[in-house]
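1. Please find the sequence and the predicted model below.
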Amino acid sequence: MRVAIMRIGEVDAHVVERVQDGLYKAFPHTECSVLDNVIALPKEAYNAARKQWHSAVILSKISDYVKKVDARIDRVLGVVDVDLYVLRLNFVFGEAECPGKASLISLFRLKPQFYGGPEDKDLLFERSLKEAVHEVGHTLGLGHCGNPICVMFFSNSIFDTDRKGWAFCEKCYRLVAENLSRRP
């Protein structure tokens, strides 16, 4: 599988590099690259009343991009550093097509400072990797898992993200392997 990481707006390059490194470990036989171009946040995604960005609008831009890129890229993971939401939820850490080729994570609520803690780059890297693997897992057709330590467990709060690991449980890993083996 070939995954490209797309920076959208201002994003910490070190976090993106760590996510890139982690995706190699989470997915067997994965090639992961960071796209050179940084795209702007789509203005129409911003909701001034909520002071948040609608993730579906950004995800749609990533999806449009996927259709135009090199056919050798299987998935695109967008990374933003703004507060995301979807309708009926206060916020989301990310969103993905399930199944599909486009996914998105936000670093905004993954930072310990958001919760009043001190800056902790290692914790931010760990949380970012978990959310990236989770969203790319959705692009492979995986739903949420009931195992609270599986990376595919739904994170209703940062506590759920911190509790789970960055790897798939045995059941979800089998699904990943099956889905990757079906690729042409």
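-> Structure received.
2. gap between E95 and D120?
-> 25 Å (CB to CB, to the nearest Å). For glycine as for every other residue, the C-beta is placed from the backbone atoms N, C-alpha and C.
3. of those two, who's got more company?
-> Comparing E95 with D120 by other CB atoms under 10 Å, the one with more neighbours is E95, at 23 against 13.
4. looking at this, the more buried one is in a strand?
-> Yes: residue state for E95 (DSSP: H, G, I helix; E, B strand; the rest coil) corresponds to a strand.
5. That one: what's it in contact with?
-> By CB atoms under 8 Å, 6 or more residues apart in numbering, E95 lies in contact with 55-56, 59, 84, 86, 103-104, 135.
6. same thing but at 6 Å, please
-> By CB atoms under 6 Å, 6 or more residues apart in numbering, the residues touching E95 are 55, 59, 104.
7. now L23
-> 3, 30, 32.
8. what would those look like in a markdown table with secondary structure and pLDDT?
-> Shown next, in a markdown table, are these (DSSP: H, G, I helix; E, B strand; the rest coil; pLDDT from 0 to 100):
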| residue | secondary structure | pLDDT |
| --- | --- | --- |
| V3 | strand | 95 |
| T30 | coil | 89 |
| C32 | strand | 94 |
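9. Which of the helices or strands spans L129?
-> Taking DSSP states H and E as the definition, one finds L129 inside helix 121-139.
10. Please spell out which residues along that helix are buried.
-> Buried residues in helix 121-139, defined by neighbour count with 16 or more other CB atoms under 10 Å: 123-139.
11. Show me what it packs onto, helices and strands only.
-> Judged by 3 or more CB pairs under 6 Å, 6 or more residues apart in numbering; DSSP states H and E, helix 121-139 is in contact with helix 13-26, strand 75-80, strand 94-96, strand 102-106.
12. The last one packs against which elements?
-> In other words, strand 102-106. So strand 102-106, by 3+ CB pairs under 6 Å, 6+ apart, packs with helix 55-68, strand 75-80, strand 94-96, helix 121-139.
13. mean pLDDT lowest for which of these?
-> Note on those: helix 55-68 shows the lowest mean pLDDT, a mean of 92.
14. In that helix, which of the residues would be classed as buried?
-> With burial defined by 16+ other CB under 10 Å, the residues of helix 55-68 counted as buried are 55, 57-63, 65-66.
15. for stretch 32-45, same thing?
-> Buried positions in stretch 32-45, judged by neighbour count with 16+ other CB under 10 Å: 32, 34-35, 41, 45.
16. So what touches it?
-> So stretch 32-45 is contacted by 3-9, 16, 20, 23, 53-54, 57-58, 61 (CB under 6 Å, 6+ apart).
17. quick one on the thing from earlier: could I get the buried residues of helix 55-68 as a markdown table with distance to S155?
-> Putting the buried residues of helix 55-68 into a markdown table (distance: CB to CB, whole Å) gives the following:
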| residue | distance to S155 |
| --- | --- |
| S55 | 14 |
| V57 | 21 |
| I58 | 19 |
| L59 | 17 |
| S60 | 22 |
| K61 | 23 |
| I62 | 20 |
| S63 | 23 |
| Y65 | 26 |
| V66 | 24 |
